[in-house]
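Student: Quick one: sequence and predicted model below, then my questions.
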Amino acid sequence: MDILFQQVLNGLILGSLYALVALGYTMVYGILELINFAHGEVVMLGAMVAVTVLAALAGAGVPVPLAVAAALAVTVPVCMLTALVIERVAYRPLRKAPRLAPLITAIGASIVLQNLAMIVWGRQYLAFPAVFELQVYDLAGVTLTNVQLVIVITAALAMGGLLLLVNRTRLGRAMRATAQHQEVAGLMGVDVNHVIATTFAVGAALAAVAGLLIAAYYGIAHYNMGFLLGLKAFTAAVLGGIGNIPGAVLGGILLGVVEDATSLW
C-alpha cells in the first residue's frame, strides 16, 4: 500500500506539470479553436533559458531566491515574446483560412523553434544546476520533496489565478466574448486582436514557469523535450474538455496518475 500511495502521489505531481502546460493549450483553443502545437516548444524554450540563467548565476554565487527570481524575470518575457511573434506571424494571417492551414502552421512553428534551440544550445542535455537544497518529507511512509511541493502549489495557484482572470476581470469578460463570437465582440468595442495576443502571452507566461519546474523536476533540459510533453499536455486538455480551465487541470492530474499507475503495474 505504501508503494501504491507513493505512486499516486508521484502521479499527482507529474499531473500537475501536465496541467500547467495544458492550461496554455486550453486557453488558446477556447478563444480561437486552434490547437497550438508550438506551445510545447515554448515550454522547452522556458526550460532552456531558465537552466542557462540559473547556471550562470549559481556560478557567480548569487543567493538561490534571487537566482530563481532573476531566471523567471528573464524566462517569462522571452517566452511571452516568442508566443506573441508566433501569434502575429504564423496564426493571425490564417484566422479565416480553412481549419487545416493553422494546424500545419502550428506544427511548422514547433519545428522552427526546435531547430533554433538546437542551434543555440546544441544537441546535448543541459543539466539543471544544483541550486536547490533538496528536502525530503516523510508523510506516513510516503515521501515528498520540497520541489514536488512547489510544483503542486504552483499548479493550484495557476488554475485559481486563471479562473479569477477569466471570470472576475474586464479582460476575462473580453476573452469570453471573443470566444463566443469574434465579430460581435468587435462590434461591442472589444479589441479582438489584443485579447487574442494577451491570451497567447498569458499561456506563454505559464509555459515559462512550467519549463523551470519541469527542468527542476527531471534535472535536465533538452531541445527536443517539448514535443512529447506538449503531446501529453494536449491529451490532458482534451481529456478534461479542451477550452475548460478546471478540466485541463483535472485531465492533467488524471493522466499523470494513470501514467504512474501503469508503470507500477
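Tutor: Ah, there it is.
Student: Quick check on residue 62: phi, psi?
Tutor: Note on residue 62: its backbone torsions stand at phi -70, psi 140 [degrees, to the nearest 10].
Student: pretty sure it is in contact with residue 68, am I right?
Tutor: No. Applying C-beta atoms under 8 Å as the test, residue 62 and residue 68 come out as separate, 9.7 Å apart. C-beta: built from backbone N, CA, C; applies to glycine.
Student: Neighbour count for these two, which is higher?
Tutor: Comparing residue 62 with residue 68 by neighbour count (other C-beta atoms under 10 Å), the higher total belongs to residue 68, at 19 against 16.
Student: Run through the residues that contact that one.
Tutor: For residue 68, the set of contacting residues under the criterion of C-beta atoms under 8 Å, 6 or more residues apart in numbering consists of 54, 131, 212.
Student: and of those residues, the nearest to residue 197?
Tutor: Distances from residue 197 to these, taken as C-beta to C-beta, are shortest for residue 212 (23.3 Å).
Student: Please list all residues in contact with the closest residue to the closest one other than its chain neighbours.
Tutor: When the adjacent residues along the chain are set aside, residue 212 lies closest to residue 50, with 4.1 Å between them (C-beta to C-beta, 6 or more residues apart in numbering). The neighbourhood of residue 50, defined by C-beta under 8 Å, 6+ apart, consists of 71-72, 74-75, 208, 211-212, 215, 221.
Student: what's the helix or strand for residue 50?
Tutor: Element membership for residue 50, per DSSP states H and E: helix 39-59.
Student: for that helix, which positions count as buried?
Tutor: Buried residues in helix 39-59, counting neighbours by 16 or more other C-beta atoms under 10 Å, are found at 39-55, 57-58.
Student: Stretch 192-209 too?
Tutor: By 16+ other C-beta under 10 Å, the buried positions in stretch 192-209 come out as 192, 195-209.
Student: what does stretch 162-176 give?
Tutor: Neighbour-count burial for stretch 162-176 flags 162, 165-166, 172, 174-175 (criterion: 16+ other C-beta under 10 Å).
Student: Restricting the selection to alpha carbons, write stretch 20-37 to CSV.
Tutor: This file holds the C-alpha atoms of stretch 20-37, laid out as CSV (Å, rounded to 0.1, in the frame of the first residue of the first chain):
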residue,chain,number,x,y,z
LEU,A,20,0.4,23.7,-16.1
VAL,A,21,1.2,23.1,-19.8
ALA,A,22,-2.4,22.0,-20.7
LEU,A,23,-3.7,25.4,-19.4
GLY,A,24,-1.9,27.1,-22.3
TYR,A,25,-3.5,24.8,-24.8
THR,A,26,-7.0,25.1,-23.4
MET,A,27,-6.9,28.9,-23.2
VAL,A,28,-5.9,29.3,-26.9
TYR,A,29,-8.4,26.7,-28.1
GLY,A,30,-11.2,28.2,-26.0
ILE,A,31,-10.8,31.5,-27.9
LEU,A,32,-9.6,30.5,-31.4
GLU,A,33,-10.5,26.8,-31.6
LEU,A,34,-6.8,26.4,-32.6
ILE,A,35,-4.5,23.6,-31.4
ASN,A,36,-1.3,25.5,-30.7
PHE,A,37,1.2,22.6,-31.2
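Student: What are the buried residues along that stretch?
Tutor: The neighbour-count criterion (16+ other C-beta under 10 Å) identifies 20-32, 34-37 as the buried residues of stretch 20-37.
Student: how about the helices of the stretch 51-200 of the chain, start to end?
Tutor: Listed from the start of the chain, the stretch 51-200 of the chain has helices (DSSP state H, counting those that start in this stretch) covering 64-86, 100-121, 146-168, 170-180, 182-187, 192-218.
Student: highest average neighbour count across these?
Tutor: Using mean count of other C-beta atoms under 10 Å, the stretch among the helices of the stretch 51-200 of the chain with the largest mean neighbour count is helix 192-218, at a mean of 23.
Student: who touches whichever helix or strand comes after that helix?
Tutor: On the C-terminal side of helix 192-218, the closest following helix or strand by DSSP H and E is strand 220-221. Residues external to strand 220-221 that are found in contact with it (C-beta under 8 Å, 6+ apart): 44, 47-48, 50-51, 125-128, 211, 214-215.
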